[in-house]
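*Asks:* My questions concern the predicted model and sequence given below.
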Amino acid sequence: MSTTSPTLHLLHTCPFCWKIRSLAEHLGIDYKKKQINAMRMKKELKFTDGWNKVPVWTENTGEIIVDSTPIMIHIDAVYNNGEMWATHDEERRDKWMEWADTKLSKATVPILYGTIGSALKTTTRISKLEKFGFFSKRLYAWAGFPIMWGIIAKKRVKNDGRKPKKLWHDLLTDFTNEFGGESFFGGKEPDIVDIAAFGYMRSISPFPQFSLLEDHEAGMKWYRRVEQTLNI
């Protein structure tokens with residue numbers, strides 16, 4: 001049997017990649033991180049037969065798994081006997097997993113790019129964290145923010161009608177209210193929904209906008225509890 005560690009192909013600031021990183025760290029999995037050049041993603045991910053998006057998980061057997069939630073389910077099954085995916089209430093799990101993958105994932109863009117100032121801070125920070133060439137780094141930092149703010153984030157903020165901070169606070173309230181007095185969505189221990197939601201929130205942590213979430217008391221207490229379970 002091969003002793004090679006599995007590999008996660010990622011962008012450092014990708015919310016979907018943070019889901020996988022959080023689960024792998026929670027389970028204490030020894031894995032390799034391969035950071036992809038955002039400007040050369042299609043070329044560097046040509047082995048995915050047209051998927052061309054991160055995250056991509058490659059097992060030591062050569063098996064390739066794509067798409068963040070299927071990757072999480074795979075990792076849990078292979079390295080944890082499926083214990084985090086297992087539940088007595090599959091309908092509740094599936095409902096809130098879909099909620100995290102739609103509501104929380106989409107909320108990351110408005111909070112990072114919702115104003116022209118925050119968009120500039122975000123693209124500048126990303127240009128330092130991600131793998132770029134010398135010129136593409138500068139191009140992304142200064143040309144990326146008007147696109148992300150003016151075309152994508154501005155539309156999402158307008159359609160939702162809430163300020164990015166209010167949107168996140170409302171989502172955290174909805175989520176933590178579902179705990180039924182327990183410490184986690186999963187009860188006394190975090191389950192796969194906790195880790196997915198945590199991953200999306202964690203993806204904002206490298207940016208100054210994370211401070212907008214820190215005064216949501218219940219959300220931050222839950223976030224810190226999950227954080228304490230990570231093997232980092």
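*Replies:* Done, it's in.
*Asks:* can you give me phi and psi for residue 9?
*Replies:* Residue 9 adopts backbone torsions of phi -90, psi 130, taken as degrees, to the nearest 10.
*Asks:* per-residue confidence at the closest residue to it other than its chain neighbours?
*Replies:* Counting by Cβ to Cβ, 6 or more residues apart in numbering, residue 56 is the residue found nearest to residue 9 once chain neighbours are left out, at 4.1 Å. Where you see a C-beta, it was placed from the backbone N, CA and C, and this is true even at glycine. pLDDT for residue 56: 97.
*Asks:* Residue 56 and residue 6 touch, don't they?
*Replies:* No. Using Cβ atoms under 8 Å, residue 56 is not in contact with residue 6; the gap is 10.7 Å.
*Asks:* Compare neighbour counts for those two and give me the winner.
*Replies:* The residue with more neighbours, out of residue 56 and residue 6, is residue 56; 25 against 20, by other Cβ atoms under 10 Å.
*Asks:* residues touching the residue nearest to residue 9, list them.
*Replies:* Going by Cβ atoms under 8 Å, 6 or more residues apart in numbering, residue 56 touches 8, 9, 45, 48, 64, 65, 66.
*Asks:* Kindly report the same for residue 52.
*Replies:* Contacts for residue 52 (Cβ under 8 Å, 6+ apart) come out as 41, 42, 45, 46.
*Asks:* By neighbours, which of those residues wins?
*Replies:* Of the contacts of residue 52, with other Cβ under 10 Å as the count, residue 45 tops at 19 neighbours.
*Asks:* Local confidence estimate at that residue?
*Replies:* For residue 45, pLDDT reads 93.
*Asks:* Find the residue closest to it in space, skipping its chain neighbours.
*Replies:* Once flanking residues are discounted, residue 45 sits nearest to residue 52: 5.0 Å by Cβ to Cβ, 6+ apart.
*Asks:* did I read that right, that neighbour in a helix?
*Replies:* No. Residue 52 is assigned coil when assessed by DSSP: H, G, I helix; E, B strand; the rest coil, not a helix.
*Asks:* Outline the domain layout of this protein.
*Replies:* According to automatic domain parsing, the chain comprises the domains 7-80, 90-227.
*Asks:* where does this structure dip in pLDDT?
*Replies:* 1-3, 116, 120, 123, 125, 127-155, 157-158 (pLDDT under 70).
*Asks:* any chance you could map the strands in it?
*Replies:* Using DSSP state E, the strands of the chain run over residues 7-10, 32-35, 56-58, 64-66.
*Asks:* Fine, thanks again, bye for now.
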